[in-house]
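Visitor: Sequence and predicted structure, then a few things I'm wondering about:
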Amino acid sequence: MICPICNSPNTKKNGTKLLVTGNRTQEFHCQGCGKYLSFIGATSLANSKYCSSQIDVGEQHRLNSVEPGDILVVEGGNGIRVHGLTDVHVGAVEHDFKKLQDAIDIIEKDDNARWFGNGDLLELIPPHYKINQRGQDIPPEEQYLEFARLVAPIKDKCLFIRGGNHDYIRSFNILDFDVCKVLAKELSVPYYRMPGYTKIKVGKSCYNLVSGHGKSGGANGDMELNKMAAVYSEGDVFFLGHNHQLYVKPMDSLIIGKDGTEEIKRRWYIRGGSFLRYADYARYSFFPIIRTGWVTIEFKEEGIRCWEN
């Protein structure tokens, strides 16, 4: 367990605690700060909820969660390139370390680069889970530390962190402990538990990025993006991960412009790829071979451009 108070990995089991539900939860003693913690207690101590409708990313050091209804605002100056790092799966046997390092190097060297973590950042197969432990080559706590170590050179360029089904859902459902929220706190960035808007301001232009981890399979990646666009109808860019598909697709529609004439409005559909090589489970089940990589979204005053890496 990583201590949510001081972020120390040096915690020891300290018996169990009886809950009002009749169940028991593991308690820990942090050797770093001396606090006694349970998974439920640690989660509540780590909570720091924002209630404003718009949140400036410049205040991210005070922010823990972007709750449904909140809108994160990013000041992009004259233009920024936002890299969506989704389905990284640090700790997985098939994790593509070289591809992730390529992304980190590009972001580090580009003054106008920013990035966000879009879930499944860790492989995270808990003990006695329904999936065999052979799918990961380092234990979950080491995966957390390894991811933090890898992104350390670009942590100051991170816009936000989101959890996925591997990290957030597994840790929360099994342990009642949100590892991604603690990771966001360690990086001093906002945390998205749910899909939502991020407003990108560039010069006199303002764009709405809609992002979520996703949950559908790979049969039709656009179907889930269509659902997302129907719910978040003010979006300019729609970004999903989860199914490891990698593509960007411009979606054009006709609107009535400010001068009363018809014009084309372009929005973007994105499936953000992954940092996994072709896995044995995918090969065994004849899943489609999907390219490893990520997507970059460039926001400029004159418009948006997206590409695959």
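Guide: Received, thanks.
Visitor: Assumed Glu224 was part of a helix.
Guide: Yes. Counting by DSSP: H, G, I helix; E, B strand; the rest coil, Glu224 is located in a helix.
Visitor: Next, the contact list for Ser205, please.
Guide: Counting by C-beta atoms under 8 Å, 6 or more residues apart in numbering, Ser205 touches 299-303. For glycine as for every other residue, the C-beta is placed from the backbone atoms N, C-alpha and C.
Visitor: which of these count as buried?
Guide: Neighbour counting over the contacts of Ser205 (16 or more other C-beta atoms under 10 Å) leaves 299-300 as the buried ones.
Visitor: And the furthest pair within the contacts of Ser205?
Guide: Phe299 and Glu302 (10.1 Å; C-beta to C-beta).
Visitor: Could you point out which of the contacts of Ser205 is nearest to Leu254?
Guide: Gly303 (17.1 Å).
Visitor: could you measure that closest one against Gly217, distance?
Guide: 32 Å (C-beta to C-beta, to the nearest Å).
Visitor: Just the buried residues of the strand or helix carrying Tyr281, please?
Guide: If you go by DSSP states H and E, Tyr281 is part of helix 280-284. Within helix 280-284, the residues scored as buried using 16+ other C-beta under 10 Å are Ala282.
Visitor: how far out from the middle of the chain is it?
Guide: 25 Å (C-alpha atoms, centre = their mean, to the nearest Å).
Visitor: just stretch 166-175 next, same as before
Guide: Worked out by C-alpha atoms, centre = their mean, stretch 166-175 lies 14 Å from the chain centre.
Visitor: likewise stretch 96-116?
Guide: 15 Å.
Visitor: okay, and the helix or strand of the chain with the least pLDDT?
Guide: helix 39-46 (a mean of 35; mean pLDDT, DSSP states H and E).
Visitor: Lys181 should be in a strand, yeah?
Guide: No. With three-state DSSP as the criterion, Lys181 is helix rather than part of a strand.
Visitor: The closest residue to it other than its chain neighbours - how many residues pack around it?
Guide: Computed as C-beta to C-beta, 6 or more residues apart in numbering, the closest residue to Lys181 that is not its neighbour in sequence is Tyr191, at 5.0 Å. Tyr191 has 26 neighbours, counted by other C-beta atoms under 10 Å.
Visitor: Could I get the contacting residues of Tyr191?
Guide: Taking C-beta under 8 Å, 6+ apart, one finds 64-66, 160-163, 180-181, 184-185 in contact with Tyr191.
Visitor: contacting residues for the residue nearest the centre of the chain?
Guide: With distances taken as C-alpha atoms, centre = their mean, Asn118 lies nearest the centre of the chain, 2.1 Å away. Going by C-beta under 8 Å, 6+ apart, Asn118 touches 84-87, 162, 164, 211, 213, 239, 241, 272.
Visitor: Repeat that for Pro195.
Guide: 210-213, 228, 232.
Visitor: one step back: narrow the contacts of Asn118 to those in strands?
Guide: Mapping those onto strands (DSSP state E) picks out 84-85, 162, 211, 239, 272.
Visitor: Pick out whichever of those sits closest to Asp137.
Guide: Among those, and counting by C-beta to C-beta, the member closest to Asp137 is Leu85, at 20.2 Å.
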